[in-house]
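A.B. asks: sequence plus the predicted model coming up.
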Amino acid sequence: MTPSARDEFYMRRCLELARKGLGLTRQNPLVGSVVVYNDRIIGEGYHHEYGGEHAEVIAISSVSEIDLLKKSTLYVNLEPCAHYGKTPPCSLMIKDIGIPRIVIGCKDSNPKVTGKGISILSSSGAEVVTGVLEKECRCLNRRFFTFHEKRRPYVILKWAESADGYIDMDRQKTGNNHPIWITNHTAKMLVHKWRSEELSIMTGTNTLILDNPELTVREWPGINPIRIGMDKNGRLFEGIHIKDGQVPSIIFSETAENDSENLSYISLPAEGFEIERFLEEMYERQVLSTFVEGGAKLIQGFINSGLWDESFVFYGNKMFHSGVKAPVLDSAPYEKKLFRGTKLFIYRNKP
């Protein structure tokens, strides 16, 4: 195995470990780390939760023969931190231990870190290799990089549409006040898994009123995202799920209301809801990602603005013939999957 192939091999292990933290690290990036001596992994770890020990600390602490650290290579998919936050800087710890070689997947774009961790390690006399599987490393932490580089949350759009291009029937004509399922239970479980991976979930006024969704994680283990809704013209009724105080929630409202437990209000400007202002507000609140579910008008607004990153679109077999037209996305899917007769197309917005 060539040196570059060897570095890629161990970096892939870092990525495998890092993925285990998806949905748990919250504002923090997904990071995995391994310690290698004489072509053998002698320690490994990943960042488990927001505020917890970083991957490098866990990997180094798992090494039983401490003396080997001074002869080993440390692999990590993201530049080690260089600032004091909830934990001390990892780059200083690595420097003090005297690990002679450090291989880094990609540079951290957080202004508190960017390049500083690499500089600390290089100045210590250690060999520092960067850019190993850089594309894959950046892709894994695309939420984190979007947040710091574009100063907004990573936006994922999700909807399901019938075979003839509708997301809902005309409920006034059908007399049915309940949501009509286009997909199957397998797809529903997948959606709840996605919810557990994002910091917030958003839907529009009409969806809140017509469907009264819980917007929580029930079909999959995980943390509930922050619920975000809009109350245009003060239409949300008492007893609606988003106001139940069970999960942290934010409502953009035209009417002034007092905050309560787990529920806060943000005033809508006179011109109404603006996607740009919403994203700015989420950035200020350190919300790394937003999962936008339901509401053709809201989703189409994100599409038209270009301020979205991924779209998950289910295509069912049912025919509605009339109703609420599905959003229109003028691009080719990045990936196609099939779930028991329900098609899933994944789209990614080009930068």
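C.D. replies: Sure, I can see it. Numbering: from 1, shown residues only.
A.B. asks: for the residue lying closest to residue 263 once chain neighbours are set aside, what are its contacts?
C.D. replies: Counting by CB to CB, 6 or more residues apart in numbering, residue 263 lies nearest to residue 249, which is 5.1 Å off, once chain neighbours are set aside. All C-beta atoms are positioned from the backbone trio N, CA, C, and that covers glycine. Neighbouring residues of residue 249 by CB atoms under 8 Å, 6 or more residues apart in numbering: 226-229, 242-243, 262-264.
A.B. asks: just residue 130 next, same as before
C.D. replies: 79, 103-104, 106-107, 118.
A.B. asks: tell me the buried residues in stretch 99-116?
C.D. replies: Using 16 or more other CB atoms under 10 Å as the test for burial, stretch 99-116 gives 99, 101-110, 113, 116.
A.B. asks: how about these in a markdown table, adding distance to residue 335?
C.D. replies: Converted to a markdown table, these look like this (distance: CB to CB, whole Å):
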| residue | distance to residue 335 |
| --- | --- |
| 99 | 38 |
| 101 | 36 |
| 102 | 34 |
| 103 | 29 |
| 104 | 28 |
| 105 | 23 |
| 106 | 22 |
| 107 | 27 |
| 108 | 27 |
| 109 | 25 |
| 110 | 29 |
| 113 | 31 |
| 116 | 36 |
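A.B. asks: which outside residues touch stretch 12-30?
C.D. replies: For stretch 12-30, the surrounding residues in contact (CB under 8 Å, 6+ apart) are 31-34, 41, 44-50, 55, 75-78, 105, 108, 133, 136-137, 140-141, 144, 196-199, 222-223, 286, 288.
A.B. asks: buried stuff in it?
C.D. replies: Quick answer for stretch 12-30 (16+ other CB under 10 Å): 12-15, 17-18, 21, 23-25, 28-30.
A.B. asks: before we move on, what about stretch 291-301?
C.D. replies: Those would be 291-296, 298-301, for stretch 291-301 by 16+ other CB under 10 Å.
A.B. asks: that older thread, quick check, nearest of the contacts of residue 249 to residue 322?
C.D. replies: Using CB to CB, residue 229 is the member of the contacts of residue 249 that lies nearest residue 322, at 26.9 Å.
A.B. asks: I'd say that closest one and residue 206 touch.
C.D. replies: No. Counting by CB atoms under 8 Å, residue 229 does not reach residue 206; the two are 10.6 Å apart.
A.B. asks: which one's more surrounded, these two?
C.D. replies: Counted by other CB atoms under 10 Å, residue 229 and residue 206 do not tie: residue 229 has more neighbours, with 26 against 18.
A.B. asks: strands paired with whichever strand or helix holds the more buried one, and their directions?
C.D. replies: Counting by DSSP states H and E, the element that carries residue 229 is strand 226-231. In the sheet, strand 226-231 lines up against strand 200-202 (parallel), strand 249-253 (parallel) (DSSP bridges).
A.B. asks: flag every buried residue along it.
C.D. replies: Quick answer for strand 226-231 (16+ other CB under 10 Å): 226-231.
A.B. asks: what helix or strand is the residue lying closest to residue 133 once chain neighbours are set aside on?
C.D. replies: Residue nearest to residue 133 in three dimensions, not counting chain neighbours: residue 11, with 4.7 Å by CB to CB, 6+ apart. Using DSSP H and E, residue 11 falls within helix 3-19.
A.B. asks: for that helix, list the C-alpha coordinates in CSV.
C.D. replies: The C-alpha trace of helix 3-19 is given here as CSV (Å, rounded to 0.1, in the frame of the first residue of the first chain):
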residue,chain,number,x,y,z
PRO,A,3,1.7,6.2,1.7
SER,A,4,-1.2,8.1,0.1
ALA,A,5,-3.4,5.0,-0.1
ARG,A,6,-2.6,4.2,3.5
ASP,A,7,-3.6,7.7,4.6
GLU,A,8,-6.9,7.4,2.6
PHE,A,9,-7.6,4.0,4.2
TYR,A,10,-7.3,5.4,7.8
MET,A,11,-9.2,8.6,6.8
ARG,A,12,-12.1,6.5,5.7
ARG,A,13,-12.2,5.0,9.1
CYS,A,14,-12.3,8.5,10.6
LEU,A,15,-15.3,9.2,8.4
GLU,A,16,-17.0,6.0,9.5
LEU,A,17,-16.6,6.9,13.1
ALA,A,18,-17.7,10.5,12.6
ARG,A,19,-21.0,9.5,11.0
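A.B. asks: ok now it, how far from the chain's centre?
C.D. replies: How far helix 3-19 lies from its chain's middle: 22 Å, per CA atoms, centre = their mean, to the nearest Å.
A.B. asks: just stretch 91-100 next, same as before
C.D. replies: On CA atoms, centre = their mean, the centre of stretch 91-100 falls 31 Å from the chain's centre.
A.B. asks: now what about it, what contacts it?
C.D. replies: Residues contacting stretch 91-100 (CB under 8 Å, 6+ apart): 35, 56-57, 60, 69-74, 79-82, 102, 116-118, 120-121, 124, 126-127.
A.B. asks: let's see which of those end up in strands.
C.D. replies: Applying DSSP state E to these, the entries found in strands are 35, 73-74, 102, 127.
A.B. asks: all set now, cheers.
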